[in-house]
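Student: Following is a predicted model, sequence given first.
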Amino acid sequence: FSWFSIHDTNEHILLMNKSDLSTHAIHEQIHKFESPMDSHTMGIKEGMEPPVFSITLDHIKKGVIGIMVLFLFAAVLFFPNGPFTRPHPIVWRLVLGLSFMYLTMLVFVFFLDVREVRFLISQMWNDAKLNIPLEEREYATNCEITKDSLKDIIFDVYFVAHFLGWIVKALIIRDPIVCWICSILWEWIEMQFMYMLPNFKECWWDSLISDVLVCNGLGILIGLKICQFLEMKTYKWHGILSYPTYRGKLKRALLQFTPSKWTKVDWKTTASVKHFLYVVFLIFIIQVCELNCFILKNIYWIPSEHPIVALRLLLWGLIAMPSLRQYYLHISYKNTKTIGVQLWIAGACLIMESLICFKHGSHLWNIPMPFDVKIGWMITILILITSVVAIHLVRQHYIDLIKVKKLKDRVLHMDLFKS
């Protein structure tokens, strides 16, 4: 698709294919909107041919950028502060503004056709690699452990993405059990969706050793070690002017980008069925967010190494920091009755992404689900239900033991008092 032709007479947009254009138009690469204006609007006399009104895509890009800058400026002035104060509350107001702009963009994309979205992405980025069907790489073509196969895995873009991504996730989640469950569960989800997405097909050693143990495991370990260091660190803050040397001032300026204090996180997964379901819901949300990335990349023909993919991951990383903190405060402290604004916006973004995946990725969801995948989902649901029942029974048994112990202590105390 190379340009839109907007006809006022029938009030609809007609997409023209490159094959319908003349050879001269293709070589000139005319990317513009053409719309004959009404003769009464232009003040043209009858019998005269009305001129063609055109809007170039460069002007549209500048207009969109101007709207974004104005909106972010308004977000800095009027949006509420987030749960963090470092490096500055303005930063987290900007994150809230970016997340709201992303939600607005998702709502706009939802009402477009998938071909229109592909066209707009390619034109806004001005990238010839976009709007071209992807040649998805399959990782299970040769499962022999050789030097070349190991080299291909190590220098693959997903290897670095997994490693760095799990360092950030560990810093945000701060719980080794939840991190390891998310890591292992994602490999299981790749197995369940490989009939839809070919690049999910991996060799057993790539999935278990390279992904779970090496990339994810090292990322989780480093992230949790950083958490332990920040938890044990003594925080003493002084103004930057109190440091006499330039080196001290520079060090204090860099420390502004570290937390003012470190909060130890305890999700209390087995404390009650309610907390268990809260953590299960968190794990579910994390998996859906990661799955949306691969589905959106597939339906819009975006290569894995394209900056759009990295920018989406970076945006979701920024959104996840305050959102997850607000979620933790809401489920951990009884006096926190309301849900933070950032958490509401993050949930709305995730819902809109999922709706777009279902609408524009209908060709993927129409693929018949294999029988073994259905069995896998049934086993997962059965494990979840069994875990809920087991936690409830164990907790109830523990409560009964405490009641019996208290009753025995009371009886023993009464006997001693009588004697």
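Tutor: Okay, I see it. Residues are numbered from 1 along each chain as shown.

Student: Just give me the residue right at the centre of the protein.
Tutor: Nearest residue to the geometric centre of the chain (C-alpha atoms, centre = their mean): Trp316, 4.1 Å.

Student: give me the element Gly66 is part of.
Tutor: helix 57-78 (DSSP states H and E).

Student: I'd like the distance from that helix to the chain centre, please.
Tutor: Averaging C-alpha positions (C-alpha atoms, centre = their mean, to the nearest Å) puts helix 57-78 23 Å from its chain's average.

Student: Quick check: Thr336 vs Tyr278, distance?
Tutor: 13 Å (C-beta to C-beta, to the nearest Å). Just so you know, the C-beta spots here come from the backbone N, C-alpha and C atoms, and that holds for glycine as well.

Student: who's more crowded, these two?
Tutor: Between Thr336 and Tyr278, counted using other C-beta atoms under 10 Å, Tyr278 has the larger neighbour count: 18 against 13.

Student: by contact count, what packs against the next helix or strand after the helix holding Gly66?
Tutor: Next in sequence after helix 57-78, counting helices and strands by DSSP H and E, comes helix 89-110. If you count contacts as 3 or more C-beta pairs under 8 Å, 6 or more residues apart in numbering; DSSP states H and E, helix 89-110 packs onto helix 57-78, helix 307-332, helix 341-360.

Student: The second one - what's its average pLDDT?
Tutor: Across helix 307-332, pLDDT averages out at 91.

Student: From the contact counts, what lies against it?
Tutor: Judged by 3+ C-beta pairs under 8 Å, 6+ apart, helix 307-332 is in contact with helix 89-110, helix 157-173, helix 273-299, helix 341-360.

Student: What residues sit buried inside it?
Tutor: For helix 307-332, burial by neighbour count (16 or more other C-beta atoms under 10 Å) applies to 308-309, 312-313, 315-329, 331.

Student: Same check on the first one?
Tutor: Residues of helix 57-78 classed as buried: Leu57, Leu72, Ala75 (neighbour count, 16+ other C-beta under 10 Å).

Student: Can you list the low-confidence ranges for the stretch 1-150 of the chain?
Tutor: Residues of the stretch 1-150 of the chain meeting the criterion pLDDT under 70: 1-55, 136-141.

Student: Over to the stretch 201-350 of the chain?
Tutor: Within the stretch 201-350 of the chain, the ranges that satisfy pLDDT under 70 run 231-262.

Student: 90 instead?
Tutor: Applying pLDDT under 90 to the stretch 201-350 of the chain flags the ranges 201-216, 225-277, 303-306, 325, 329-340.

Student: quick revisit: ok, the residue nearest to the centre of the chain touching Ile286?
Tutor: No: counting by C-beta atoms under 8 Å, Trp316 sits too far from Ile286 to count as a contact (10.2 Å).

Student: Give the rounded mean pLDDT of the host helix or strand of Trp377.
Tutor: In this structure, Trp377 sits in helix 371-418 according to DSSP H and E. The average pLDDT within helix 371-418 is 77.

Student: ok and it relative to helix 273-299, angle-wise?
Tutor: Using axes from the mean of the first three to the mean of the last three C-alpha atoms, to 10 degrees, the direction of helix 371-418 lies 160 degrees away from that of helix 273-299.

Student: And helix 371-418, what does it pack against?
Tutor: Using 3+ C-beta pairs under 8 Å, 6+ apart: helix 371-418 touches helix 176-192, helix 273-299.

Student: nearest to Leu343, of the ones you listed?
Tutor: With C-beta to C-beta as the measure, helix 273-299 is the member of the helices and strands packed on helix 371-418 nearest Leu343 (10.7 Å).

Student: Return the distance of the closest one from the chain's centre.
Tutor: With C-alpha atoms, centre = their mean as the basis, helix 273-299 stands 9 Å off its chain's centre.

Student: which of the residues in that helix are buried?
Tutor: Across helix 273-299, burial judged by 16+ other C-beta under 10 Å covers 273, 275-279, 282-283, 285-286, 289-299.

Student: Any chance of JSON lines for the helices and strands packed on helix 371-418, columns distance to Lys61?
Tutor: As requested, the helices and strands packed on helix 371-418 are arranged in JSON lines below (distance: least, C-beta to C-beta, whole Å):
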{"stretch": "helix 176-192", "distance to Lys61": "36"}
{"stretch": "helix 273-299", "distance to Lys61": "21"}
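
Student: Figure out which of those helices is closest to Ala390.
Tutor: For these, proximity to Ala390 was assessed by C-beta to C-beta; helix 273-299 is nearest, at 9.8 Å.

Student: what angle separates the closest one from helix 176-192?
Tutor: With the same axes, to 10 degrees as the basis, helix 273-299 and helix 176-192 are set at 40 degrees to each other.

Student: so what does helix 273-299 touch, helix or strand wise?
Tutor: Judged by 3+ C-beta pairs under 8 Å, 6+ apart, the packing partners of helix 273-299 are helix 176-192, helix 307-332, helix 341-360, helix 362-365, helix 371-418.

Student: Of all the ones you listed, which one is nearest Pro133?
Tutor: Of all the helices and strands packed on helix 273-299, it is helix 362-365 that lies closest to Pro133, at 12.2 Å by C-beta to C-beta.

Student: Not counting its own residues, what contacts that closest one?
Tutor: Residues from elsewhere that reach helix 362-365, judged by C-beta atoms under 8 Å, 6 or more residues apart in numbering: Met196, Leu197, Ile295, Asn298, Ile299, Phe358.

Student: Just the CA atoms of that helix, as PDB, please.
Tutor: Provided in PDB are the C-alpha atoms of helix 362-365 (Å, rounded to 0.1, in the frame of the first residue of the first chain):
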ATOM      1  CA  SER A 362      -8.200 -13.700  13.900                       C
ATOM      2  CA  HIS A 363      -6.200 -15.800  11.400                       C
ATOM      3  CA  LEU A 364      -4.100 -17.100  14.300                       C
ATOM      4  CA  TRP A 365      -7.000 -17.800  16.600                       C
END
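
Student: Report all helices and strands that the helix holding Gly66 contacts.
Tutor: Using 3+ C-beta pairs under 8 Å, 6+ apart: helix 57-78 touches helix 89-110, helix 114-125.

Student: Give the residues shared as contacts by Trp316 and Ile286.
Tutor: Residues touching both Trp316 and Ile286 by C-beta under 8 Å, 6+ apart: none at all.

Student: hmm, back to that, using a markdown table, please lay out the buried residues of helix 57-78 together with distance to Thr263.
Tutor: As requested, those are exported to a markdown table (distance: C-beta to C-beta, whole Å):
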| residue | distance to Thr263 |
| --- | --- |
| Leu57 | 47 |
| Leu72 | 28 |
| Ala75 | 25 |
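
Student: For Ser122, state which of the residues you listed is nearest.
Tutor: Leu57 (10.6 Å).
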